[in-house]
Each structure stands twice: as structure tokens, then as C-alpha cells.
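# my questions are about this predicted structure, shown below with the sequence.
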Amino acid sequence: MGSQNKEGALEQLAAALRQKGADSHVKAWAVLNAKRMASEKDALAQEPLDPKSMQAKVSKNLGVKLDIASVEKIVLQADGDGDGKLGFDSFVRILGQGPLGVRNLAAQRPSSRAGKVHPNNKQVREDCSPTAKSPYLEGDGLESFLEKELSSVIGLENVKARLRIFIQNLRVDQRRRQLGLLPPTAPADSYDMVFHGNPGTGKTSIARLIPRLLERLGIIRPGAPFVETSRQDLVGPFIGSTEERTLRKIEEAGCGVLFVDEAYTLTADSSGGGRDFGMRALEVIMQRMTAPPGAARPVFIFAGYPDKMAAFLAANPGMARRIAYAFHFDDYDPAQLAQIAARRAADRGLSLSPAASAALPALFARRFPDRARRLGNGGLSARLISEAVQRLNSRLAREGLSAATPAALCTLELEDLESAATGMAAGGDNPLCEGMAGGDGSDQEPSPSPDGGGGGGGQGRIIRHRRRLGEEEGEEG
């Protein structure tokens, strides 16, 4: 055959695999190697193919003759390990996602599934090296930006201190590079992180700050993707689907940041028998974490509860050494919980009366035991305000809505908070447990109880009355 281009060679390869009945990547890999593979692990155990070996396999097992130049281009494009070979994972990358019927496979990157993605996401190039030196690395602009962002964060002094150290480390490394003090063989910098803390301690909030900080450090490009994901997005129901899902999320994050929440769930079954697809997702991630400098891969942030994240790091010996920075998120004390509660009230267009504001820290300490505060943290504050709003609405309905002033409609009194705390601490159908069941409640308030309806006509009337008076800006109805 004459000279072929890469796209034409890929089309021939995919067509030949389809003719052999390959309807998944595992089957296609098995056909290419002319071996019967009983499982995903059998496929992964196959030795990677260098261009010459792949050319011979394609010719012998598929009956397709590809010139060596085209095969070399295919391997080069897909090679994620930097070894000049085509292994199973790079084979999946080059063929694209799903059935092998995708048109123009070489031109298509795996498409993203719907999910939580930073609104400023843009297409990123395969080379993840920064395009220019960040102007924030000169002077004190970087520190000023960080302090401004952290000034609105309640508590988390340990995390704030670690972020300051992170910037100091980058500044020192930058100076070494400027003076040519780092040898060419120096290992590439790693920025992968672990966040560990109890529910509601602000892990997600800080994770959303990280890409903005990395942009200003010149580590990722402005507008690079920030993608939030979890086990349900990464782990598939059958052999071969876990690789596809995990690679798809990694490609979606591109050269940005991939935040894996509750990462410990990927290793939850690692001690038992049977198929452990969560561990397979972790293996795919770890392979990408060792990509050569400048290769397309995101910064990874793994988050979860302290004891479970320790087990997560211990489940695979290579994971702990790949993590460059660990951040511990402390529990909030009663005074900090009171600040968060006041902010949640303000988000609803409400305020606390002077008496309520003064008594709130003591209320948290007195009405909620250490365990409740530890398991709820910011979510506990959000739930208390949600319950207190219902008490306020019921009280105003009893007292007469027509007589209520704008200030009365929008002010939580101490009696509202005390009544809410009593209801949350009661046994049986405990609203407190509902507030703790969600994830990181400090930045994602649990779905509020129906303040504006469903609980009797009075509360719905109060909500509408506030809106007519223009006093309910920002409240979720």
C-alpha cells in the first residue's frame, strides 16, 4: 500500500475490528492480540505494543496492511505513559469512547458527560505547559489575591496556613529556575492534593478556589476546566466501562483540575473478593498522574473523611507518594458555626436580632453535642437556619401577617432559633440527621424544607408578602 495518513489508518483499523465482532475496547484489544481474554484484567495484562509489533499484529490478525509511519503516528498520539508503546489504556484513548462505530475516530476526543463543570471551561491543548510566566509571581500580587479570597472563609486556619506555604514553595522554586539552579534531571513538580476533613468543613469550597490560585501561579492556563466528580461518574457496571468513564472524566478536566469527592469510595471494596471496578478507576487515574512533564493531564484533588482517606491512601502503595500536598480541614467551633449560620441567613435575605446573634455561639455549644457538631459542621448551621425560618414563619402567621413590619418579616429572633434547635435535637424523625446526610454542607446547603409552601397556607403567604415588600432578596423559595 502507498503512504497512509493517520486518520485513514485509524478508520481501517476500526473497520477491521468491527468486522471481527469487536463491540467493546476489551474485545477489540483481544482481537488485535488474537487472544481470548476472560476479563478486564486479562486485557490489561497484555504487553504494550511498539509500532513494529502493532503493525505485525494488525497485518496478521486483522488482515489490514498499514505503513509503519501511520502506526508510529497512532502510537505517538495515544501514548500516555511516554514509553513509545500502545497499551490497553492508550488503545482506548485512540479509538474513542463507546462502540467502535464512531466516525472520524482520530479527530474526536472523548466527549464529556453532563456534570458539574466550571462555567469558564474552554478547550485546552494537549500540551499542558503554561503559555507564559504568570505576572502574579512578581511582587506581592499573589499573596494579596490569596488573602482577599481567604478573608471571606470562616475558620480553616490550618488550611489557610498550608495554602500560604504552598505559595512560598512555588516562589522559591521559581527563583531556583530563574537562576538555573535546578538540574535538567530534576523531577517534574507535582501539585496533586488530598483534602481530608469531616462533613461540612468546606472542602468543596476550597477545591473551587484551587484552580483560580493555580492560574495565577502559572501552573494551569486561565479558564482551564474545573470538574467535580465521584465514584458514580467513574465506575461502570461492566468490564471495560470503568476505563471509559474514568478516561472521559480525565479528558473533560483536560489541563485543569479534577476534584474527586468521597475518593475513598473507590477503594471501599478493595479488601474483599470479586470484581473491584473502583480500584480499576484508581489505577487509571494513577497512570495519568505519572504522565511526563507537559503531557495532557489535570491536577487531581482527592477529598473525603479523615479515617477513610487514610485507608484510601493505604489501599494502593503508589498513591501516597504521588500526593504533593495534604490539607486537613478542622471541625468548626461553636463561634464559627454561629458565623456560618448568620451568613446562611443573609443568603436568604434575613438577619439575626441582636439577642439571637449574641446567644447563638452558646446555643450551638449547649444544644448540640460534640458528635453532632463534628458530623454536621457547616451543614448543621445551614439546617438550623432552615428550621428557624419555618419557626419564624409560623410565629408571624399566628401573630397576624397584616401587622408584620418589613423588619419583623426578615428578622430571626432567639426564640425561633431555640425552637429550631429543640426540634432538631428531638429523637425519632430527626431533621438533624437529614442535614448531616448531605456532603460538604458548608458550601452546599441541604435542600431546605418548604418554607414557601406545602406546610400550610400561612408560610406561603409570608413568603409572598416578603416579596411584595421587596425584603426577600436572595432567599430560596
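Here it is on my side, so go on.
# how about F300, secondary structure?
Here F300 is recorded as strand under DSSP: H, G, I helix; E, B strand; the rest coil.
# could you list the low-pLDDT ranges of the stretch 51-200 of the chain?
78-83, 89, 93, 96-140, 184-188 (pLDDT under 70).
# could you pull out the helices in it for me?
51-57, 68-78, 88-95, 141-150, 157-178 (DSSP state H, counting those that start in this stretch).
# out of these, which one sits most buried?
helix 88-95 (a mean of 22; mean count of other CB atoms under 10 Å). Any C-beta I mention is one placed from the backbone N, CA and C, and that applies to glycine too.
# how far off centre is that one?
Put simply, helix 88-95 sits 24 Å off its chain's centre (CA atoms, centre = their mean, to the nearest Å).
# what packs against it?
helix 6-19, helix 25-33, helix 68-78, helix 241-253 (3 or more CB pairs under 8 Å, 6 or more residues apart in numbering; DSSP states H and E).
# quick check on the nearest residue to V159 once chain neighbours are set aside: phi, psi?
Excluding its sequence neighbours, the residue lying closest to V159 (CB to CB, 6 or more residues apart in numbering) is F327, at 5.2 Å. Dihedral pair for F327: phi -120, psi 130, per degrees, to the nearest 10.
# F327 is in contact with M193, isn't it?
Yes - under the criterion of CB atoms under 8 Å, F327 makes contact with M193 at 6.5 Å.
# return the most buried member of the helices and strands packed on helix 88-95.
helix 241-253 (a mean of 24).
# pull that helix out as CSV, backbone CA atoms only.
These are the backbone C-alpha positions of helix 241-253, laid out as CSV (Å, rounded to 0.1, in the frame of the first residue of the first chain):
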residue,chain,number,x,y,z
SER,A,241,-16.8,0.6,31.1
THR,A,242,-14.8,1.8,34.1
GLU,A,243,-11.8,2.7,31.9
GLU,A,244,-14.0,4.6,29.5
ARG,A,245,-15.8,6.6,32.2
THR,A,246,-12.6,7.4,34.1
LEU,A,247,-10.7,8.5,31.0
ARG,A,248,-13.7,10.5,29.9
LYS,A,249,-13.7,12.5,33.1
ILE,A,250,-9.9,12.9,32.9
GLU,A,251,-10.2,14.2,29.3
GLU,A,252,-13.0,16.5,30.4
ALA,A,253,-10.7,18.1,33.0
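# next secondary structure element downstream of it?
Sequence order places strand 257-260 as the next helix or strand after helix 241-253, per DSSP states H and E.
# avg pLDDT for that next one?
Mean pLDDT, computed over strand 257-260, is 96.
# next SSE after it?
Counting by DSSP H and E, what follows strand 257-260 is helix 277-289.
# mean confidence score for that following helix?
90.
# what is it packed up against?
Against helix 277-289 (3+ CB pairs under 8 Å, 6+ apart) you get helix 231-234, helix 241-253, helix 317-322.
# show me what contacts the spatially most central residue of the chain?
Nearest residue to the geometric centre of the chain (CA atoms, centre = their mean): F259, 2.3 Å. Contacts were defined as CB atoms under 8 Å, 6 or more residues apart in numbering; by that measure F259 touches 204, 207, 226-229, 301, 303.
# and it, how close does it get to R248?
16 Å (CB to CB, to the nearest Å).
# any idea what the residue nearest to the centre of the chain is bridged to?
E228, I301 (DSSP bridges).
# ok, now how distant is it from I210?
8 Å.
# who touches both of these two?
I301.
# and the contacts of F259 as CSV, adding neighbour count, pLDDT and distance to A342?
Formatted as CSV, the contacts of F259 follow (neighbours: other CB atoms under 10 Å; pLDDT from 0 to 100; distance: CB to CB, whole Å):
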residue, neighbour count, pLDDT, distance to A342
T204, 21, 93, 20
A207, 22, 95, 24
F226, 27, 95, 28
V227, 24, 95, 32
E228, 21, 96, 27
T229, 24, 94, 32
I301, 27, 97, 29
A303, 26, 96, 26
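# I'd like those as CSV, with distance to S70 appended.
Output for those, formatted as CSV (distance: CB to CB, whole Å):
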residue, distance to S70
T204, 45
A207, 42
F226, 36
V227, 33
E228, 38
T229, 35
I301, 38
A303, 43
